[in-house]
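Student: sequence-free structure coming up:
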């Protein structure tokens, strides 16, 4: 069964934010105390299925965003399509690229991904665009 989801994380250049974001939550490189409290409350009150570690890289193939996707769902998932949006300094989308996370991701596990980008951004937003459920599992720590 294919699922689509719109959870995302925003990462500023040079700074890696590891965050699970829900609707209406904005993380800054130096979060205010109110944002931290709100994030803690959100984590205990809302199911947050994915979180990301991201960084911009340049390789022989050109610029890309690479990182890890952490699966917080109670299922092993596969065919995970990741969307990376390049954002300008005002937060507007200036480019978009898609890629695939490698292999199946166990519940509570993580997988690596790399998405080539055509537009550099001041920040990047990562979203799980779609995935397939493989099997139900008990979550495990990565």
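Tutor: Done, it's in. Since this is a predicted model, take the numbers as computed values, not measurements.
Student: Any chance you could list what contacts the helix or strand containing residue 94?
Tutor: Assigned by DSSP states H and E, residue 94 belongs to strand 93-100. Outside strand 93-100, the residues within contact range by CB atoms under 8 Å, 6 or more residues apart in numbering are 65, 79-88, 113-119, 121, 125, 129. C-beta coordinates here come from the backbone N, C-alpha and C atoms, glycine included.
Student: C-terminal to it, which secondary structure element comes first?
Tutor: strand 110-116.
Student: I'd like to know which elements that next one is packed against.
Tutor: Here strand 110-116 touches strand 62-71, strand 75-87, strand 93-100, going by 3 or more CB pairs under 8 Å, 6 or more residues apart in numbering; DSSP states H and E.
Student: Does anything pack onto the helix or strand just after that strand? Which helices or strands?
Tutor: Using DSSP H and E, the helix or strand that follows strand 110-116 towards the C-terminus is strand 123-136. Applying 3+ CB pairs under 8 Å, 6+ apart, one finds that strand 123-136 contacts strand 2-3, strand 8-12, strand 50-59, strand 62-71, strand 75-87.
Student: List the pairing partners of the fourth one within its sheet, with orientation.
Tutor: Take DSSP bridges as the rule and strand 62-71 pairs in its sheet with strand 50-59 (antiparallel), strand 110-116 (antiparallel).
Student: so which of those comes closest to residue 92?
Tutor: Comparison of the strands paired with strand 62-71 against residue 92 by CB to CB identifies strand 50-59 as nearest, at 17.9 Å.
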